[in-house]
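Colleague: 3D model of this:
(2 chains)
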Amino acid sequence: MSKDSVKLLNFWPSMFGLRVHYALDLKGVSYDYQEERLLPNKSKELLEANPIYAKIPVLIHNGKPICESLIIVDYIDSVWPSPHKLLPEDPYEKAVARFWADFGDKKLFDAGSRLIRAMGEEHKKAGEDLKWALMKIDEALGTIAPGKPFFGGDAMNFADVALAPFICCFKAYQKVGGFVLPGPEEWPNLYKWVDAVNSVDAIKISTPSPDKVAEFAEVIRQRVIGTA
Amino acid sequence: MSKDSVKLLNFWPSMFGLRVHYALDLKGVSYDYQEENLFNKSKELLEANPIYTKIPVLIHNGKPICESLVIVDYIDSVWPGSHKLLPEDPYEKAVARFWADFGDRKLYDAGSRLIRAMGEEHKKAGEDFKWALMKIDEALGTIAPGKPFFGGDAMNFADVALAPFICWFKGYQKVGGFVLPGPEEWPNLYKWVDAVNSVDAIKISTPSDDKVTESVERYRKHFTGAA
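Modeller: Here you go, the predicted model:
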């Protein structure tokens, strides 16, 4: 049987791409990595693999492209169910995991995005919204998996993989937002989760340094301010 | 074994709520329906969906499930036997999820702007809406050539996610001030529309497009400030 060909097209600061890294690395799947330079021009391969959105990440598995980070993670979990199954078998637990993964997009990414691109009052609100989202994640961890480090209990699940990539962005958000996040006294579950995620060997493989991410975010922020 | 308690909290024009109706109706699942007044949300809705306080919410044996595509996925997991919506093959499943998500990202987004935006932004919303339908027409031709649905001979997860927009076409055209291209330009799309509208289970809960259009025009006036 010929070896699977698995390739990830990504741009290193993307937390969406990081979700795919995490899923593959947690499962010990071997893959090739192709860094995409999104400016000034996207590669022909990316445009052909993702003609609808022309965005990273894209996973190309045996020549077939899969797009949209949570769809890719779901795909990875179906193709390589073991080791480290990410989606719970129980339909309700699975729905809860999907809900919090989606929350990462709707509330966390959205607020973070506005922190980088918005000005004035909108920028201030983005900071409040980001803190609200993290507070909700702290509460959720306490409700869904009380006393456990992860949404998935003792091991990372679909929700953990979807949300963990934002951890290396916390420094960046605080920098461009001009605030300091509440600490473990206010959000005990969140910080225990952060420590637990950062202790997972598979997670360390691909996570960029928070300093590098913060540098990158500031460059984008300066560009936004410069054109405002 | 006691009977399952299944209840849908919804607001009748919502295409997101309609996705849930379609999934339940295609599978022949019995459920109670509770219409929510979004200007006076029920205590039940606020408790069932504290994060977003939005419909639809499915309450199954007392447990709430929120977000329409998460709900449809849940329904498919709990009642897989009758009319499986998600393909077994991982790649086909990913394709179905992609087009379901496209409904949110591109179709709903453009439609939303058709209702809320003004001037140039409103014009662009119309162009974006048409582009999205053109892409759906192309996708149908590629994914299931010669077949009526994304799922081939029967509706699948992508069909359930996208079909609710059909009863909004008239309303979007009204507030957008345009007429959609017809079957000559989008043959696959219109065959798909006819096929969806022929499914008995779909007819159960689909509101009339005239009724939806009335609502859409009302929302539009709210944003344009017209009398």
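Colleague: could I get stretch A:18-25 in PDB with only the CA atoms?
Modeller: Provided in PDB are the C-alpha atoms of stretch A:18-25 (Å, rounded to 0.1, in the frame of the first residue of the first chain):
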ATOM      1  CA  LEU A  18      -2.400  25.900  13.800                       C
ATOM      2  CA  ARG A  19      -5.600  23.900  14.400                       C
ATOM      3  CA  VAL A  20      -4.600  21.700  11.500                       C
ATOM      4  CA  HIS A  21      -1.000  21.300  12.800                       C
ATOM      5  CA  TYR A  22      -2.400  20.400  16.300                       C
ATOM      6  CA  ALA A  23      -4.800  17.800  14.900                       C
ATOM      7  CA  LEU A  24      -2.100  16.100  12.700                       C
ATOM      8  CA  ASP A  25       0.600  16.300  15.400                       C
END
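Colleague: is chain B contacted by it?
Modeller: No. For stretch A:18-25 and chain B, the contact criterion (CB under 8 Å from any CB of the partner chain) is not met; the two come no nearer than 12.5 Å. Every C-beta, even on glycine, is put in place using the N, C-alpha and C of the backbone.
Colleague: How about stretch A:79-95?
Modeller: Yes. Looking at stretch A:79-95 against chain B by CB under 8 Å from any CB, the contacts come from A:79, A:91-92, A:94-95.
Colleague: Could you identify the pair within these that is furthest apart?
Modeller: Within the residues of stretch A:79-95 next to chain B, A:79 and A:92 form the most distant pair, 24.2 Å apart (CB to CB).
Colleague: Which one's more surrounded, the two?
Modeller: Between residue A:79 and residue A:92, residue A:79 has the larger neighbour count (other CB atoms under 10 Å in any protein chain shown), namely 19 against 16.
Colleague: Next one, pLDDT for the more buried one please.
Modeller: Looking at residue A:79, its pLDDT is 98.
Colleague: how about the residues of chain A near chain B?
Modeller: Counting by CB under 8 Å from any CB, the positions of chain A adjacent to chain B are A:52, A:61, A:64, A:66-68, A:71-72, A:74-75, A:78-79, A:91-92, A:94-95, A:98-99, A:102-103, A:136.
Colleague: Of those, which belong to strands?
Modeller: Here DSSP state E is the test, and those give A:61, A:64, A:66-67 as lying in strands.
Colleague: Let me have the residues you listed in TSV, extended by distance to residue A:46.
Modeller: Shown next, in TSV, are these (distance: CB to CB, whole Å):
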residue	distance to residue A:46
A:61	16
A:64	15
A:66	13
A:67	10
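Colleague: of all the residues you listed, which comes closest to chain B?
Modeller: residue A:66 (4.8 Å; CB to the nearest CB).
Colleague: The closest one contacts residue B:94, doesn't it?
Modeller: Yes. Using CB atoms under 8 Å, residue A:66 is in contact with residue B:94, at 4.8 Å.
Colleague: Give me the common contacts of these two.
Modeller: Both residue A:66 and residue B:94 are in contact with A:72, A:75, where contact means CB atoms under 8 Å, 6 or more residues apart in numbering or on different chains.
Colleague: Phi, psi for the spatially closest residue to residue A:35 that is not a sequence neighbour please.
Modeller: Spatial nearest neighbour of residue A:35, excluding adjacent residues (CB to CB, 6 or more residues apart in numbering or on different chains): residue A:12 at 6.3 Å. Dihedral pair for residue A:12: phi -50, psi -30, per degrees, to the nearest 10.
Colleague: Pretty sure residue A:12 sits against residue A:209.
Modeller: No. Judged on CB under 8 Å, residue A:12 makes no contact with residue A:209 at a distance of 10.6 Å.
Colleague: Have a look at those two and say which one is more surrounded.
Modeller: Neighbour count, other CB under 10 Å: between residue A:12 and residue A:209, residue A:12 has more, with 16 against 10.
Colleague: in stretch A:168-182, what's buried?
Modeller: Residues of stretch A:168-182 classed as buried: A:168-177, A:181 (neighbour count, 16 or more other CB atoms under 10 Å in any protein chain shown).
Colleague: Report the backbone C-alpha coordinates of it in PDB.
Modeller: Output of stretch A:168-182 as PDB, limited to C-alpha atoms (Å, rounded to 0.1, in the frame of the first residue of the first chain):
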ATOM      1  CA  CYS A 168       0.000  32.100  21.500                       C
ATOM      2  CA  CYS A 169      -2.000  35.200  20.400                       C
ATOM      3  CA  PHE A 170      -2.800  36.400  23.900                       C
ATOM      4  CA  LYS A 171       0.400  38.500  24.100                       C
ATOM      5  CA  ALA A 172      -0.300  40.100  20.700                       C
ATOM      6  CA  TYR A 173      -3.900  40.900  21.600                       C
ATOM      7  CA  GLN A 174      -2.800  42.600  24.800                       C
ATOM      8  CA  LYS A 175      -0.100  44.600  23.000                       C
ATOM      9  CA  VAL A 176      -2.300  45.900  20.200                       C
ATOM     10  CA  GLY A 177      -5.300  46.200  22.600                       C
ATOM     11  CA  GLY A 178      -3.300  48.200  25.200                       C
ATOM     12  CA  PHE A 179      -4.600  46.100  28.100                       C
ATOM     13  CA  VAL A 180      -3.600  43.300  30.400                       C
ATOM     14  CA  LEU A 181      -5.700  40.200  30.600                       C
ATOM     15  CA  PRO A 182      -7.200  39.200  34.000                       C
END
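Colleague: Can you pull the poorly scored residue ranges out of chain A?
Modeller: Residue ranges of chain A with pLDDT under 70: A:1-2, A:228.
Colleague: hey, where'd the helices end up in it?
Modeller: A:15-26, A:44-49, A:69-79, A:91-103, A:110-117, A:120-144, A:158-163, A:170-177, A:188-199, A:201-206, A:210-227 (DSSP state H).
Colleague: and the fifth one with helix A:15-26, angle?
Modeller: For the pair helix A:110-117 and helix A:15-26, the angle between their directions (axes from the mean of the first three to the mean of the last three CA atoms, to 10 degrees) equals 130 degrees.
Colleague: Would you mind checking the ones in strands among the residues of chain A next to chain B for buried ones?
Modeller: Counted by 16+ other CB under 10 Å, these give A:61, A:66-67 as buried.
Colleague: Roughly how far does residue A:187 sit from chain B?
Modeller: 17 Å (CB to the nearest CB, to the nearest Å).
Colleague: Setting aside sequence neighbours, what's the nearest residue to that residue?
Modeller: Closest residue to residue A:187 in three dimensions, ignoring its sequence neighbours and counting by CB to CB, 6+ apart: residue A:138, at 4.0 Å.
Colleague: what residues are up against that neighbour?
Modeller: A:186-190.
Colleague: Go through stretch A:151-168 and flag the buried ones.
Modeller: Within stretch A:151-168, the residues that count as buried by 16+ other CB under 10 Å are A:151-152, A:155-168.
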